[in-house]
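*Asks:* Generate coordinates for the sequence data below:
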Amino acid sequence: MPFLRVHVGEDVPTGVREELARTLRQALVAGLGVKNEVGHVLVLSTPASGRRAGPGRRQDFVFGELLMYEGRPPQVKQALLARLHAEIARLTGVPERDIVLVIVEMPAVNWFGGLPPGVPDVRPKGVGP
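*Replies:* Numbering: from 1, shown residues only. The predicted structure is shown next:
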């Protein structure tokens, strides 16, 4: 945790998606002050046939979902969103008005797998590593 999933159009080249994943992961670590060992980024490419936006909006829009533990101050979240937004625009060329990011916060007890220190493993015996 944190876990960032970014959906881009299929026209975004592989090299750009790779750089986007690297850059956004670095931004997560720096922006949230987490250890370098934690945090995941997925950059997913979706075909034009599976993408729709409203009139006047680009069909190559970018949508990002950041899952993270609750409790960070609004200023930290806003600064991180601004940085992620700027990096996505810079690397993809998609205008900022067509990049949407959302944070979904949850209590640590709701995250299962790669358990953080201090969170008990409540899986039944024999389940998991």
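*Asks:* going forward, measure contacts between C-alpha atoms and count neighbours the same way
*Replies:* Fine.
*Asks:* what's the helix or strand for Leu4?
*Replies:* Per DSSP states H and E, Leu4 falls inside strand 3-9.
*Asks:* Sheet-wise, list the partners of that strand with their directions.
*Replies:* strand 40-46 (parallel), strand 62-69 (antiparallel) (DSSP bridges).
*Asks:* among those strands, which is the most enclosed?
*Replies:* When the strands paired with strand 3-9 are scored by mean count of other C-alpha atoms under 10 Å, the highest mean neighbour count falls to strand 62-69 (a mean of 19).
*Asks:* okay, now Ile19: neighbour count?
*Replies:* Not quite, residue 19 is Glu, not Ile. For Glu19, the count of nearby residues is 13 (other C-alpha atoms under 10 Å).
*Asks:* which ones are touching it?
*Replies:* Listed by C-alpha atoms under 8 Å, 6 or more residues apart in numbering, the contact set of Glu19 reads Leu91.
*Asks:* what helix or strand does it sit in?
*Replies:* Applying DSSP H and E as the criterion places Glu19 in helix 14-32.
*Asks:* what mean pLDDT would you report for that helix?
*Replies:* Helix 14-32 shows a mean pLDDT of 97.
*Asks:* Go through that helix and flag the buried ones.
*Replies:* Using 16 or more other C-alpha atoms under 10 Å as the test for burial, helix 14-32 gives 17, 20-21, 23-25, 27-29, 31.
*Asks:* Quick one: residues in contact with the strand or helix carrying Gln75.
*Replies:* Using DSSP H and E, Gln75 sits in helix 74-92. Here helix 74-92 makes contact (C-alpha under 8 Å, 6+ apart) with 12, 16, 19-20, 23-24, 27-28, 31-32, 94-96, 99-101.
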